[in-house]
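A.B. asks: Make a model of this:
(one chain, ligands or ions: 1)
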Amino acid sequence: MEYNAYPIFIIYATIIISFILAKLIPLIASMASATPNKPKTKVLKFGSEEDVAVALAKYTADLSEKYIKEKGSFSVVLSGGTLIDTLRKLVEAQYKDSVDWSKWLIFWVDERVVPLDHEDSNYLLASRGFLSKESPEGAADDYEERIKQLVESKIIPISNTSCFPKFDHMLLGMGPDGHVASLFPTRTQRYEKKRWVTFITDSPKPPPPRITFTFPVINSASEIAMVITGAELADATKTVLGGGGDPGSVPLPAAEVSAEGELTWFLDKDAASKL
Ligand SMILES: O=C(O)[C@H](O)[C@@H](O)[C@H](O)[C@H](O)COP(=O)(O)O
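C.D. replies: As a prediction, this is how the structure comes out:
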């Protein structure tokens, strides 16, 4: 009787193919579901504004060391308002001498179009606590032109993803209405998609004339810290982070912030009280 090895071969082949498929299918499924480079968001809750200030100083000093080691400079974009005071720990002894300030490139995410010595100037606020122009439109054009010069001289890179300037670290505040920078819920500047810097002449938050980075620039940053302290921000924080807000309503500007690297929310107990 001729021994037919054919069925045995089929059985072995079926076993081997089944084994390979059992390994491959989960791998293909995980690769298909993986979201390429999905930016990360972290929410850190602290007991007090003082605790936020301590953590924010360490976070910023660590990023400063990382980026200066990687690229020889550290481009930092600051919001105005209470953020500057919450950065106060960075100029205390622990970091004052260890941070390589000479490699920092400091920018403002927005500025009030007032003389640099005006009480409302973010520059004055930062130059006091931490570091004016013709029209708001002219100031916006000037600021954008200066950033373009820094991009041309390769001091500020362009994001390969967005083709907008890519800052290392942005520190943003938020208003009770959910605005960030000078991008307000009820103003059109929040929808600007081409300009790097735009202007507003009727800011709901005084003073009315301001210039501001646009969302394409903000969302091209490597790291963004949303520094949110105080009970007056609890509602907006809940709307953005706690799934609040009316279904179908236009998201708050703060909800549209994303970083190409990591977005970290620093909340004190009061701001996080409704989460
Ligand atoms: O120039 C500004 O006013 C800021 O850039 C603005 O976006 C600020 O960060 C928020 O309004 C929060 O301000 P406070 O921290 O002062 O509440």
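A.B. asks: By proximity to the ligand, which residue of the stretch 1-150 of the chain wins?
C.D. replies: Of all residues in the stretch 1-150 of the chain, G81 sits closest to the ligand, at 2.4 Å by C-beta to the nearest ligand atom. Just so you know, the C-beta spots here come from the backbone N, C-alpha and C atoms, and that holds for glycine as well.
A.B. asks: three-state assignment of that residue?
C.D. replies: At G81 the chain is in coil, as set by DSSP: H, G, I helix; E, B strand; the rest coil.
A.B. asks: wait, isn't it in contact with G173?
C.D. replies: Yes. The pair G81 and G173 passes the contact test of C-beta atoms under 8 Å, sitting 4.7 Å apart.
A.B. asks: more neighbours, these two?
C.D. replies: Using other C-beta atoms under 10 Å, the more surrounded residue of G81 and G173 is G173, with 24 against 17.
A.B. asks: Please determine how far the more buried one is located from the ligand.
C.D. replies: According to C-beta to the nearest ligand atom, to the nearest Å, G173 stands 3 Å off from the ligand.
A.B. asks: Find me the pLDDT at that residue, would you?
C.D. replies: Per-residue pLDDT puts G173 at 98.
A.B. asks: surely it meets G80?
C.D. replies: Yes. Between G173 and G80 there is a contact under C-beta under 8 Å: 7.5 Å.
A.B. asks: and the next element down the chain from the lowest-mean-pLDDT helix or strand in the chain?
C.D. replies: Counting by mean pLDDT, DSSP states H and E, the chain has its least confident helix or strand at helix 6-33, which shows a mean of 65. Per DSSP states H and E, the first helix or strand lying C-terminal to helix 6-33 is strand 40-46.
A.B. asks: for the ligand, what are the nearby residues on this structure?
C.D. replies: Within the chain, the positions near the ligand by C-beta under 6 Å from any ligand atom are 79-83, 109-110, 122, 173-175, 179-181, 205.
A.B. asks: Tell me the gap between stretch 180-191 and the middle of its chain.
C.D. replies: 16 Å (C-alpha atoms, centre = their mean, to the nearest Å).
A.B. asks: which among the residues of the chain next to the ligand end up buried?
C.D. replies: By neighbour count, with 16 or more other C-beta atoms under 10 Å, the residues of the chain next to the ligand hold 79-81, 83, 109-110, 122, 173-175, 179-181, 205 as buried.
A.B. asks: Lowest-confidence entry in these?
C.D. replies: N122 (81).
A.B. asks: I'd say that one and V77 touch.
C.D. replies: No. At 11.2 Å, N122 does not count as touching V77 under the criterion of C-beta under 8 Å.
A.B. asks: mind checking the SS state of the residue positioned nearest the centre of the chain?
C.D. replies: Centroid-nearest residue in the chain: I224, 2.7 Å away (criterion: C-alpha atoms, centre = their mean). Here I224 is strand, with the state taken from three-state DSSP.
A.B. asks: Bridged to it, which residues?
C.D. replies: M170, L263 (DSSP bridges).
A.B. asks: Run through this structure and note the low-pLDDT ranges.
C.D. replies: Counting by pLDDT under 70, the chain has low-confidence residues at 1-7, 20-39, 127-134.
A.B. asks: What segments of it are helices?
C.D. replies: 6-33, 49-71, 83-86, 93-96, 122-129, 136-152, 215-218, 234-241 (DSSP state H).
A.B. asks: that older thread, pull the contacting residues for the residue of the stretch 1-150 of the chain closest to the ligand.
C.D. replies: N122, G173 (C-beta atoms under 8 Å, 6 or more residues apart in numbering).
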